[in-house]
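Trainee: build the 3D model from these lines:
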Amino acid sequence: MTATEVRVWAPTGLPEVAPGDDLAGLLVALLRDDADAAPEHALRDGDVLVLTSKVVSKAEGRVVAADDREQAITDETVRVVATREHATGVTRIVENRLGLVMAAAGVDASNTPAGTVLLLPLDPDGTARHLRAALQAAFGVRLGLVLTDTAGRPWRQGVTDLAIGAAGVEVLDDLRGQVDSFGRPLVMTVAAVADEIASAAELVKGKAAGRPLAVVRGLAHLVTVDDGPGARVLVRTGDDDMFHLGSAEAYAQGWKDALERPDEAPRE
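Mentor: Model (predicted):
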């Protein structure tokens with residue numbers, strides 16, 4: 001099933017979140033104020049709430065001094081994919097402890113007080129489940145919830161938002177076995193709808209507008225009764241990861257392997 005109309009809006013007025021804050025309570029108050037100002041914004045069954053992960057990190061106290069940024073990146077790193085030096089420093093593309101491949105392991109200095117950087121939340125899927133339960137209890141409707149972060153993409157300029165946590169949402173829409181508009185069977189198509197929801201929400205949240213929450217309406221067919229597997233299933237791992245290393249790193253690894261196992265080198 002495909003939606004023919006989707007509405008997206010971002011309530012305004014969430015205060016700055018501090019470590020230890022009741023984030024669910026703050027979101028409930030924000031959404032109630034928004035519905036009072038615009039009654040058509042009152043939450044309905046099937047609405048999806050999309051929340052920037054930075055506010056979760058702030059509530060969890062995932063804040064470190066900016067001077068410790070490089071060590072924080074190292075601590076969050078599971079595997080280095082690529083490292084590149086440039087005029088302003090060194091960029092590290094790494095796999096972090098959540099399985100996400102990102103620049104600087106997702107450690108970010110934007111939208112946080114001067115002299116600090118934010119780490120990604122400890123358990124985005126777990127937080128999504130907790131917030132969903134609290135918000136459903138408060139409003140009495142079935143909701144989906146997606147936590148987002150911003151990342152670059154191979155072969156594409158610019159950044160976009162993607163889902164790093166989810167609850168109550170079909171994160172993948174498996175279209176295999178269906179037919180296209182010409183009657184041909186779809187063999188490989190599995191849509192990453194949680195990432196699409198994240199990007200749509202970012203159009204109204206913005207990167208620096210102080211609106212970390214968006215409501216997406218019109219996707220009730222993707223909202224589930226149970227919490228579901230979360231956004232972790234979006235991570236491509238193992239043999240499915242055809243770009244395990246950057247080009248320079250893969251080249252260097254090939255030379256290293258050949259030198260360590262000369263008897264296995266190809267012969268003419």
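Trainee: Phe243 in helix, strand or coil?
Mentor: With DSSP: H, G, I helix; E, B strand; the rest coil as the basis, Phe243 sits in coil.
Trainee: quick one: name whatever helix or strand follows the strand of greatest length in the chain.
Mentor: In the chain, with assignment by DSSP state E, the single longest strand is strand 156-167. Per DSSP states H and E, strand 156-167 leads on to strand 173-174 as the next helix or strand towards the C-terminus.
Trainee: check the offset of that next one from the chain's centre.
Mentor: 18 Å (CA atoms, centre = their mean, to the nearest Å).
Trainee: repeat for stretch 237-249
Mentor: Centre to centre, stretch against its chain (CA atoms, centre = their mean), the figure for stretch 237-249 is 20 Å.
Trainee: so what touches it?
Mentor: The contact list for stretch 237-249, computed with CB atoms under 8 Å, 6 or more residues apart in numbering, reads 80-84, 93, 99, 154, 250, 253. In short, each C-beta sits where N, CA and C put it, glycine included.
Trainee: swap in 7 Å and give it another go.
Mentor: Stretch 237-249 has contacts (CB atoms under 7 Å, 6 or more residues apart in numbering) with 81-82, 93, 99, 154, 253.
Trainee: please apply the same query to stretch 126-137.
Mentor: 23-24, 27-28, 49, 56, 121, 142-143, 145, 147, 165-168, 227, 230.
Trainee: how about 8 Å then?
Mentor: 23-24, 27-28, 31, 49, 51, 56, 60, 121, 142-147, 165-168, 227, 230-231.
Trainee: do stretch 101-113 as well
Mentor: The contact list for stretch 101-113 (CB under 8 Å, 6+ apart) reads 54, 58, 63, 66, 69, 72-73, 76-77, 81, 91-96, 98, 100, 116-120, 149-152, 207-208.
Trainee: stretch 198-211 now?
Mentor: With CB under 8 Å, 6+ apart as the criterion, stretch 198-211 contacts 6, 8-12, 14, 50, 52, 110-111, 146, 148, 150, 160-163, 212-214, 216.
Trainee: quick one: low-confidence parts of the stretch 151-268 of the chain?
Mentor: The model of the stretch 151-268 of the chain has pLDDT under 70 over residues 246-248, 250-251, 255, 262-268.
Trainee: and the helices in it?
Mentor: 193-205, 247-260 (DSSP state H, counting those that start in this stretch).
Trainee: now for those, which one comes closest to Phe182?
Mentor: Comparison of these against Phe182 by CB to CB identifies helix 193-205 as nearest, at 23.0 Å.
Trainee: list the buried residues for that closest one?
Mentor: Buried residues in helix 193-205, counted by 16 or more other CB atoms under 10 Å: 193-202, 204-205.
Trainee: any idea which of those is closest to His41?
Mentor: Nearest to His41 among the buried residues of helix 193-205: Val204, at 12.3 Å, using CB to CB.
Trainee: what does the pLDDT read for the closest residue to that closest one other than its chain neighbours?
Mentor: Spatial nearest neighbour of Val204, chain neighbours left out: Ala10 (4.2 Å); criterion: CB to CB, 6 or more residues apart in numbering. Ala10 is assigned a predicted lDDT (pLDDT) of 98.
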